[in-house]
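**Q** One predicted model, sequence on top.
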Amino acid sequence: QLRLRMMEAVVSTQSTGRLLPEETKLQDVEEFMCAILRDRTKDSRRNLLLKSLNLSDNLKVKSQKMFYQKDKLIVTTEDSCAVCNKRVGECAIAFYPDRRIVHYGCMSRDIQPDLPTSSP
C-alpha cells in the first residue's frame, strides 16, 4: 500500500486497476482508491472555484470598462489646454471628470486640477 500511495500522483485511476494482479482483493486497495477519489474530487472542486472566481473577476473588469468608456468628449483642434492654454491640435490629450481638456504632457504639471493655485 505504501508503494501505491507514492504512485497515486503519477498513475491514473484507470490504469491502476489494470496494473493490479487479478488475485488482488478490493479490500486491499480500498484505502488507496478512496484517497485517489478524494484527491480528484478536491482538485475538481478547487478548479471549479477558481473558474468561478476568474469569471467573477472578468465580469467585474468588463463592468468597470463599460463604466469608464460611457463618458465621451468631443474635442476639436480649436479647443485649448486648461494648463498651458495652447490649442490641443492633434496632440495626445486627457480630460478630467469635470471635462477640462489638457495635453497629456501638461497633466503631470497640473498637480491639483480641482484646486485653484494661490500665491502667498
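**A** Alright, I've got the coordinates. Numbers count the residues shown, from 1 in each chain.

**Q** isn't R100 right up against A82?
**A** Yes. Using CB atoms under 8 Å, R100 is in contact with A82, at 4.1 Å. Heads up, the C-betas are built off the backbone N, CA and C, glycines and all.

**Q** Where do the helices of this protein begin and end?
**A** Secondary structure of the chain (DSSP state H): helices at 2-7, 13-19, 26-69.

**Q** that older thread, who's more crowded, R100 and A82?
**A** Neighbours were counted for R100 and for A82 using other CB atoms under 10 Å; A82 has more, 19 against 15.

**Q** Assess the claim that that one and R99 are in contact.
**A** No. The criterion here is CB under 8 Å, and A82 misses it with R99 at 9.8 Å.

**Q** and the residue nearest to C91 when sequence neighbours are not counted, how many neighbours does it have?
**A** Spatial nearest neighbour of C91, excluding adjacent residues (CB to CB, 6 or more residues apart in numbering): H103 at 5.4 Å. By other CB under 10 Å, the residues close to H103 number 21.
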